[in-house]
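*Asks:* Build the 3D model from these lines:
(2 chains)
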Amino acid sequence: MPPPTSGTDAAIAPCPLESGKGQVEVVVVDDREAPLSGVALELTRLTGDEALRTRTDEQGVVLFEGLEEGRYRLRLLDVEPALWRVLGALELPPREAGASARWGPASQPKALTWTCEGTESLTVLAARWGVRPSRLVDARTGQALASDVAPAPGTRVVARPFAREWVTVETGYRQVVHRIGIPLALVLVLRDGAHQPRAHQPYLLKVWLDDEEELPAQEGVTDDEGRVVQVLPERAVRGEVTVAPGRPDERRLTLRFVALRSTSAPEGLRERLENLGFSCGGEQGELGPKTRLAVEWFQYALGLPPSGDVDEATRAALGLLHRS
Amino acid sequence: MSPLLRIRESQITTLRLSAEDARVEQRVGDLLAEQALVVPGPARVEPAWTRERLRPVVRRAVDRGILALEDVRLYVSLAESLGADFEEQRPHAWMRTWLDDAGVSDPVARLRRVVNERRRREDVVLQNRRKEEAFRLLHAPPGTDT
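*Replies:* Residues are numbered from 1 along each chain as shown, chains lettered A, B, ... in the order given. Just a heads-up that it's a prediction; the model follows:
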């Protein structure tokens, strides 16, 4: 007799008599063994036809309950198999049976493709998708792409398919899973008007993720070379750093980490100038007098003729110095 | 497929739709009856609900499989404090993503994650504001207006 299910119609309440005693608990940790929240996991029957999907809570824990005693298959959703592994399993203490599991259809693999804008390096793309950079190839030619430079605008990048790896787990055990990270580092060099490093200065860094989530602010002091060094989460898109508060040389810089537009677009030009500390005064749209002044200062700082015109040499220098 | 089966399928669809309509109306009625007993709080963005304005909000919840009164009330409380169209508002667009998150199969669990996450994010913003004030107080030279 097949195991009872509650069906896929959410309007039908599960029958309490169908509730199983089996539980599978999963704890997901990062490289520092700290709990990872929001990681999607999928548990299926060994036949693979029905699944339960959920995400880890703030303690990095997921509890699948109301299961028939036995063995199941488990995996992290949309994460390359090379980037997660089971560290071990611990026996769970006896607990009361939970509500009956609400099985649904198993998820289908998603195609990972992206059309580049000419600004994001493969390392950033790979980190966002949770795959190794070496797995990204040019969709048209199938050739590997260099990971440290941004592919040309319009390049279609595809992640090479990977085997859908599962681990078999048993009810009554807690699985400890290590999600291997691809860290992104922010290295920001702060300099004063005379181009000297702003060494040993207090700073406050705020970071926002791609869905507008604000992370806890990081406080620190610049090193001997005026550097701010922080590890960024994979989904970080913008930040704000405040240096030397309340002093005449106080600076507040707005940073954009990924998806910068091309230097040929006014916004792309301004984003890089702002990141490098040349304020464009909040201008938007076409290039205005404040942006032209920022370009002039940038050209002056680099020993280019300070015309305020965005010529090819200026664009190239901006891309080179910004490294994107 | 035989015409008889086709008719039966369309009848089931009609029945299902009318059952859903009835459930929406029932939840709207329950919530309006509760509203008459509750004094509006300060966190409220929306004016008092009317049947016409509440119906689409409740329908969004029911369409997602959020059916129990307690859970529908939780969804409506989000709309009450953020605006009936909160899922369309840019700062809250993540809530829609989380409510439709295919990584969590239970719709009620999705709703509870959104509510908890909203509370956590608001706490972080508040803590950051305090941290920034403390940072300024600590490092600004004496006599400067921070």
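*Asks:* rest of the way, CA atoms for contacts and neighbours
*Replies:* Will do.
*Asks:* in stretch A:208-224, what counts as buried?
*Replies:* Of all the residues in stretch A:208-224, those buried under the rule 16 or more other CA atoms under 10 Å in any protein chain shown are A:208-209, A:211-217, A:221-223.
*Asks:* Tell me which two in these are the farthest apart.
*Replies:* Farthest apart among the buried residues of stretch A:208-224 by CA to CA are A:Asp211 and A:Asp223. That separation is 31.2 Å.
*Asks:* roughly how far apart are the spatially most central residue of chain B and B:Arg51?
*Replies:* When CA atoms, centre = their mean is applied to chain B, the residue found nearest the centroid is B:Tyr75 (3.4 Å). As judged by CA to CA, to the nearest Å, B:Tyr75 and B:Arg51 stand 16 Å apart.
*Asks:* Tell me the secondary structure of A:Ser107, please.
*Replies:* Three-state assignment for A:Ser107 (DSSP: H, G, I helix; E, B strand; the rest coil): coil.
*Asks:* hang on, the earlier thing: which residues are in contact with the nearest residue to the residue nearest to the centre of chain B once chain neighbours are set aside?
*Replies:* Leaving aside its sequence neighbours, B:Tyr75 sits nearest to B:Ala61 (CA to CA, 6 or more residues apart in numbering or on different chains; 6.8 Å). The contact partners of B:Ala61, by CA atoms under 8 Å, 6 or more residues apart in numbering or on different chains, come to B:67, B:72, B:75.
*Asks:* name the element the second one belongs to?
*Replies:* Using DSSP states H and E, the element containing B:Val72 is helix B:69-82.
*Asks:* ok now that helix, how far from the chain's centre?
*Replies:* Put simply, helix B:69-82 sits 5 Å off its chain's centre (CA atoms, centre = their mean, to the nearest Å).
*Asks:* buried residues in it?
*Replies:* Those buried within helix B:69-82 under the rule 16+ other CA under 10 Å are B:71-82.
*Asks:* Taking the stretch 201-324 of chain A, what residue is nearest to chain B?
*Replies:* Here the stretch 201-324 of chain A gets closest to chain B at one residue, A:Gly246, 4.6 Å apart by CA to the nearest CA.
*Asks:* nearest spatial neighbour of the residue in the stretch 51-200 of chain A that chain B sits nearest to, skipping sequence neighbours?
*Replies:* In the stretch 51-200 of chain A, the residue that lies nearest chain B is A:Thr54 (3.8 Å; CA to the nearest CA). In this structure, A:Thr54 finds its nearest non-sequential neighbour in B:Val104, 3.8 Å apart by CA to CA, 6+ apart.
*Asks:* So the one you found is in contact with B:Arg110, correct?
*Replies:* Yes. B:Val104 lies in contact with B:Arg110 (CA atoms under 8 Å); the separation is 6.4 Å.
*Asks:* What about A:Ala313, how many residues nearby?
*Replies:* Using other CA atoms under 10 Å in any protein chain shown, A:Ala313 has 11 neighbouring residues.
*Asks:* Could you pull out the buried residues of the helix or strand hosting it?
*Replies:* Assigned by DSSP H and E, A:Ala313 falls within helix A:312-322. For helix A:312-322, a neighbour-count test (16+ other CA under 10 Å) marks A:314-315, A:318-319 as buried.
*Asks:* Quick one: mean pLDDT over that helix.
*Replies:* On average, the pLDDT along helix A:312-322 is 79.
*Asks:* mind checking how far that helix is from the chain centre?
*Replies:* Distance, centroid of helix A:312-322 to centroid of chain: 27 Å (CA atoms, centre = their mean).
*Asks:* still on that earlier bit, list the contacts for the residue nearest to A:Thr54?
*Replies:* A:40, A:52-55, B:110.
*Asks:* Need the three-state assignment for it.
*Replies:* coil.
*Asks:* how near is the closest residue to chain A within chain B to A:Leu41?
*Replies:* Chain A sits closest to B:Val104 of chain B, with a gap of 3.8 Å, by CA to the nearest CA. From B:Val104 across to A:Leu41, the span is 8 Å (CA to CA).
*Asks:* hmm, back to that, quick one, phi psi at the residue nearest to B:Tyr75?
*Replies:* Dihedral pair for B:Ala61: phi -70, psi -50, per degrees, to the nearest 10.
*Asks:* still on that earlier bit, got any residues that touch both of B:Val104 and A:Leu41?
*Replies:* A:53-55.
*Asks:* among the residues you listed, who's most crowded?
*Replies:* That'd be A:Arg53 among the shared contacts of B:Val104 and A:Leu41, by other CA under 10 Å, with 27 neighbours.
*Asks:* Who does it form a beta bridge with?
*Replies:* A:Glu42 (DSSP bridges).
*Asks:* got a pLDDT number for it?
*Replies:* 92.
*Asks:* And for A:Tyr203?
*Replies:* At A:Tyr203, pLDDT is 94.
*Asks:* For it, pull up the helix or strand it's in.
*Replies:* strand A:202-209.
*Asks:* so how far is that strand from its chain's centroid?
*Replies:* 16 Å.
*Asks:* How about stretch A:59-71?
*Replies:* For stretch A:59-71, the distance to the chain centre is 27 Å (CA atoms, centre = their mean).
*Asks:* got the buried residues for it?
*Replies:* A:60-68, A:71.
*Asks:* tell me the contacts of A:Asp210?
*Replies:* A:235-237.
*Asks:* Show me where chain B has its helices.
*Replies:* For chain B, the helices defined by DSSP state H occupy B:3-35, B:51-63, B:69-82, B:93-99, B:107-139.
*Asks:* Mean pLDDT added to those, as CSV?
*Replies:* Listed next are those as CSV, based on pLDDT from 0 to 100:
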stretch, mean pLDDT
helix B:3-35, 82
helix B:51-63, 93
helix B:69-82, 93
helix B:93-99, 93
helix B:107-139, 94
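*Asks:* Put the alpha carbons of stretch B:126-138 into CSV.
*Replies:* Below are the C-alpha coordinates for stretch B:126-138, written out as CSV (Å, rounded to 0.1, in the frame of the first residue of the first chain):
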residue,chain,number,x,y,z
LEU,B,126,16.8,50.5,13.9
GLN,B,127,20.1,49.1,15.3
ASN,B,128,22.0,50.5,12.4
ARG,B,129,20.5,53.9,13.1
ARG,B,130,21.6,53.7,16.7
LYS,B,131,25.1,52.4,15.7
GLU,B,132,25.5,55.4,13.4
GLU,B,133,24.6,57.9,16.1
ALA,B,134,27.0,56.2,18.5
PHE,B,135,29.7,56.2,15.8
ARG,B,136,29.3,59.9,15.3
LEU,B,137,29.2,60.7,19.0
LEU,B,138,32.4,58.6,19.6
